[in-house]
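Asker: Based on what follows, work out the 3D shape:
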Amino acid sequence: MAAATKVAAFGALLRVLYVVLPGLRWDWRPVMWGVAIVTMLGGAIVAITQTDIKRLLAYSSIAHAGFILAGVIATTPDGVSSVLFYLAAYSFVTIGAFAVVTLVRDAGGEATHLSKWAGLGRRSPLVAAVFAVFLLAFAGIPLTSGFAGKFAVFKAAAEGGAAPLVVVGVISSAVAAFFYIRVIVLMFFSEPRPEGPTVAVPSPLTMTAIAVGVAVTLVLGVAPQYFLDLASQAGGSSCADRPVRATGRLRRPLALRARATDPAPSGELGPWCVRGLVCSGGLVRYGLSRAVRPWSRGRCPCPQWWRSR
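Answerer: A predicted model of the protein is given here:
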């Protein structure tokens, strides 16, 4: 749930902000700035006080939502691709981390209190090492997917004019790194408790989830560029690089300009063949429901399109 709901929510958010409301970015960007700062700082500060491993991961996911929002706020093609890359990397790390947590058990079930994880590196070194890889990815340590994802979203945010937000993100990342590394120190540099938990034998599905999570975390961290290029291609249909001006003009991509015909006779409407783009003049004059027609090959309801060619 921590991974799937976040991917779905940000997918919908990108669609709304970049496709439906591209001409209102000066209105929604300040709001997103506030939400990103609160989530990054609030999630990191609350997570550092937790003594339950599940709650720690849950509250830290709030901070990660703020990191992803930094890429959304960039409103550039690089911002979209960085968000997609971060979501993919974060999903595999989260699923793998929670899968490991389900394996550490005591007489009462899952041993989620941090004190029970003391000395796990000596009791079950492989499980502790795998969990350490996921924690380092959460912290954004180099050679993990977390570092590549954070670098991508922060770079996009800085280039998009949100440098102060990047500073807040780096501070939040430093705070988050403390409690992630604290768990690693607890596992490898503490004496195991006599009544400590045991590690259950994983099912084939759990073992597959952990193995795939570790592999993806390391591959995306060591060689991220190929996957960043894939994310850039996946986000290529976004309207982030084709902002709508408040003059009533519809900026169309160069590849589609050849599809336009000569100006139509007076009163005839122009072709609406660009997916998801919004004519601001049409928004004002004809209303949102008629102006926004993604995936449609109907007619553009805004005659200003012809006069502004």
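Asker: Strands along the stretch 51-200 of the chain, start to end?
Answerer: In the stretch 51-200 of the chain, the segments counted as strands under DSSP state E, counting those that start in this stretch are 104-106, 109-110, 198-199.
Asker: With respect to burial, which of these scores highest?
Answerer: strand 104-106 (a mean of 18; mean count of other Cβ atoms under 10 Å). For glycine as for every other residue, the C-beta is placed from the backbone atoms N, C-alpha and C.
Asker: and W117, which of the strands of the stretch 51-200 of the chain is closest to it?
Answerer: Checking those against W117 by Cβ to Cβ gives strand 104-106 as the closest, at 6.8 Å.
Asker: quick one: average pLDDT of the closest one?
Answerer: Strand 104-106 carries an average pLDDT of 87.
Asker: How about residues contacting that strand?
Answerer: Outside strand 104-106, the residues that touch it by Cβ atoms under 8 Å, 6 or more residues apart in numbering are 110-111, 116-117, 120, 127, 195-200.
Asker: From these, list the buried ones, please.
Answerer: Among those, the ones that count as buried by 16 or more other Cβ atoms under 10 Å are 110-111, 116-117, 120, 127, 196-197, 199.
Asker: Point out the least confident one among the residues you listed.
Answerer: Comparing the buried ones among the contacts of strand 104-106 by pLDDT, G196 comes last, at 77.
Asker: Tell me which stretches of the stretch 101-250 of the chain form helices.
Answerer: With helices called from DSSP state H, counting those that start in this stretch, the stretch 101-250 of the chain shows them at 120-123, 125-139, 145-159, 163-188, 204-222, 225-234.
Asker: Now do the second one and helix 163-188, the angle between them.
Answerer: Inter-element angle recorded for helix 125-139 and helix 163-188: 170 degrees (by axes from the mean of the first three to the mean of the last three Cα atoms, to 10 degrees).
Asker: buried sites along stretch 205-220?
Answerer: Using 16+ other Cβ under 10 Å as the test for burial, stretch 205-220 gives 206, 209-210, 213-214, 216-217, 220.
Asker: That one: how far from the chain's middle?
Answerer: How far stretch 205-220 lies from its chain's middle: 19 Å, per Cα atoms, centre = their mean, to the nearest Å.
Asker: can you list contacts of it?
Answerer: 85, 88-89, 92-93, 95-97, 99-100, 102-103, 130, 133-134, 137, 143-146, 148-149, 202, 227.
Asker: mind running it again at 10 Å?
Answerer: 85, 88-89, 91-100, 102-103, 127, 129-131, 133-134, 136-138, 143-149, 200-203, 226-228 (Cβ atoms under 10 Å, 6 or more residues apart in numbering).
Asker: Which members of these are classed as buried?
Answerer: Buried residues within these, defined by neighbour count using 16+ other Cβ under 10 Å: 85, 88-89, 91-100, 102-103, 127, 130-131, 133-134, 136-138, 144-149, 202, 227-228.
Asker: between the buried ones among the contacts of strand 104-106, which is closest to V183?
Answerer: The closest of the buried ones among the contacts of strand 104-106 to V183 turns out to be W117 (Cβ to Cβ; 6.8 Å).
Asker: now the helices of the stretch 101-250 of the chain as TSV including distance to M32?
Answerer: As requested, those are exported to TSV (distance: least, Cβ to Cβ, whole Å):
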stretch	distance to M32
helix 120-123	39
helix 125-139	23
helix 145-159	11
helix 163-188	9
helix 204-222	26
helix 225-234	20
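Asker: Lovely, talk soon.
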